[in-house]
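> what shape does this take:
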Amino acid sequence: MKMAEVWSIDQVVERAGMGRFQWKLMVICGLGWAADAMEVLLISFALPVIGEEWSLTNAQKGLLGTAIFLGMLVGAWVWGRLSDLKGRKIGFISTVAIDSVFGLLSAFAPSFGWLVILRALTGFGVGGTLPVDYSIFAEYLPVEKRGRYLVLLESFWALGTVVAAGLAWLVVPRLGWRPLLAISALPGLIIFFIRRNIPESPRYLLVNGQSEAAEAVLHQVARENGRPLPEFKLAPLQPRRKTQVSDLWQPALQRTTLLLWVIWFSISLGYYGVFTWLPAFFKAQGMAMLPVYQNTFLLAAAQIPGYFSAAWLVEKWGRRKTLSFYLVASGLFTFLFAAVSGLNWMVAMGVWMSFFTLGAWGALYAFTPEVYPTSLRGTGMGAASGMTRIAGAIAPSLGALLIAQGLQIPLAVFAASFVVAGAAALVLPMETRRQPLADVLA
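Below is the predicted model:
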């Protein structure tokens, strides 16, 4: 009887190829990601109306914008670490249910205080989707396709942004903010039931000594892709020690971790600082409420080609060059957005600002899960995205403080934040283009 061949997991993933299974997984992850984008950004669209209804101060508006990020900070750390300790699937299913349920309850908030609490609880679910979704999707992708498709997954955020802006345009002026929050929560509830059928990551299973279960999942993937595999055995990995959060700072990773934290914090400060207050920026220029939503929708639509261009460049230029270029360009056009006069020029600069900012996000999401081994990937993604949540919590309140001095000052601060992130990206110590994923700590 012929002995089954012994293959490494990278060999099996390559032979199973890119096909129906990964496309299905990208859509399932992506629709959850779009639903999360709606939950995060819809408050910025509803904020002017909520502020008028409850007579909120700028400080209270800033707190409301900050609440979801405080929840996301805790969610990113908890779910990222849990995905490395207990598996990807538990968070893959649970996080989208949490953010949808509390997002729906937000529509029925009886007071400002309750709305703040419910948005924070919504954020606890949203914060977990980033480390979990990107970890599980990256672990199913062949090396030549990985960067491109991780960026394309991030493009679903733009889809959620466009839908949120479109809903705000259609719903808020006619029905108010509560129906907007309720409608935005419904997609996540549907996605929750679909996610239950996705298997656990085979890389996670193998790293945790469950080689037979990993082999069964890989056979399933290959069959769905129309590339059935012969019988094989996965080559065992070196014995795995239990990883700690402190492993992010071991000598081989510490510079990468530090720079990634700077980048995630800085891009988030710029992005959420601008986009949380974008309707308010337009309104301050004398726009009526409907043109505010129309122009915000236009800027959201500009994000989509930004993602597609970055998806192409990360495989041509590499992750670091693409990321650095898009971040510096984001800073330039944010500064021009503040400096130009006339609404048409402001919208034009805003379109390019949106294009490059979201392309930068895509490149960053492609790069980060690739630099950490499977045994630390969720933790690394969760910790990095935690910097996003800290900056996201600061940005709305910082914008509220600075906007009293005029539009130019806050926008100049947020432009500088993008440039700082671009400089940090340029000196990242490793390039992950066409490199296999690591599975255990060296």
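> which element is the most centrally placed residue in the chain on?
Of all residues in the chain, the one closest to the mean position by C-alpha atoms, centre = their mean is residue 130, 5.3 Å from it. Using DSSP states H and E, residue 130 sits within helix 112-138.
> against which helices or strands is that helix packed?
helix 20-54, helix 58-86, helix 88-106, helix 143-175, helix 343-371, helix 377-403 (3 or more C-beta pairs under 8 Å, 6 or more residues apart in numbering; DSSP states H and E). (Each C-beta comes from the backbone N, C-alpha and C, glycine too.)
> with mean pLDDT added, can I get these in JSON lines?
Shown next, in JSON lines, are the helices and strands packed on helix 112-138 (pLDDT from 0 to 100):
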{"stretch": "helix 20-54", "mean pLDDT": "86"}
{"stretch": "helix 58-86", "mean pLDDT": "87"}
{"stretch": "helix 88-106", "mean pLDDT": "91"}
{"stretch": "helix 143-175", "mean pLDDT": "85"}
{"stretch": "helix 343-371", "mean pLDDT": "89"}
{"stretch": "helix 377-403", "mean pLDDT": "84"}
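> among these, which is nearest residue 430?
helix 343-371 (6.2 Å; C-beta to C-beta).
> what's the angle between that closest one and helix 112-138?
If you take axes from the mean of the first three to the mean of the last three C-alpha atoms, to 10 degrees, helix 343-371 sits at 50 degrees to helix 112-138.
> buried ones in helix 343-371?
For helix 343-371, a neighbour-count test (16 or more other C-beta atoms under 10 Å) marks 346-371 as buried.
> for burial, what's the neighbour tally of residue 323?
Using other C-beta atoms under 10 Å, residue 323 has 30 other residues around it.
> can you check the one 10 residues further on too?
By the criterion of other C-beta under 10 Å, residue 333 has 21 neighbours.
> quick check: which element contains it?
helix 319-339.
> what's the average pLDDT for that helix?
Over the span of helix 319-339, the pLDDT mean works out to 94.
> what is it packed up against?
Helix 319-339 packs on helix 254-276, helix 303-316, helix 343-371, helix 408-426, going by 3+ C-beta pairs under 8 Å, 6+ apart.
> and the angle from that helix to helix 303-316?
Using the same axes, to 10 degrees: helix 319-339 against helix 303-316 is 150 degrees.
> offset the numbering so it begins at 870, please.
Noted, 870 is the first residue going forward, which turns the last one into helix 1188-1208.
> buried set for helix 1188-1208?
In helix 1188-1208, counting by 16+ other C-beta under 10 Å, buried: 1188-1207.
> in CSV: the helices and strands packed on helix 981-1007, plus distance to residue 883.
Output for these, formatted as CSV (distance: least, C-beta to C-beta, whole Å):
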stretch, distance to residue 883
helix 889-923, 13
helix 927-955, 24
helix 957-975, 21
helix 1012-1044, 7
helix 1212-1240, 16
helix 1246-1272, 19
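> out of these, nearest to residue 1086?
helix 889-923 (9.9 Å).
> quick one: buried residues of the closest one?
890-891, 894-895, 897-920.
> repeat that for stretch 1118-1130.
1122, 1125, 1126, 1128, 1129, 1130.
> check stretch 1062-1079 too.
1064, 1067-1077, 1079.
> picking that back up, and the residue nearest to the centre of the chain, how far is that from residue 1062?
21 Å (C-beta to C-beta, to the nearest Å).
> sorry, back to before: and the pLDDT at the residue nearest to the centre of the chain?
Residue 999 is given a pLDDT of 80.
> how about the contacts made by it?
Residue 999 makes contacts with 945, 949, 1250, 1251, 1254, 1257, as judged by C-beta atoms under 8 Å, 6 or more residues apart in numbering.
> and which of the residues you listed is nearest residue 1004?
residue 1250 (6.0 Å).
> the closest one is in contact with residue 1240, isn't it?
No: look at residue 1250 against residue 1240 with C-beta atoms under 8 Å: they stay out of range, at 9.9 Å.
> list the contacts for the closest residue to residue 1017 other than its chain neighbours?
With C-beta to C-beta, 6 or more residues apart in numbering as the criterion, residue 1017 has its nearest non-adjacent residue at 4.8 Å, and that residue is residue 1180. By C-beta under 8 Å, 6+ apart, the contact list for residue 1180 reads 1016, 1017, 1018, 1020, 1021, 1024, 1231.
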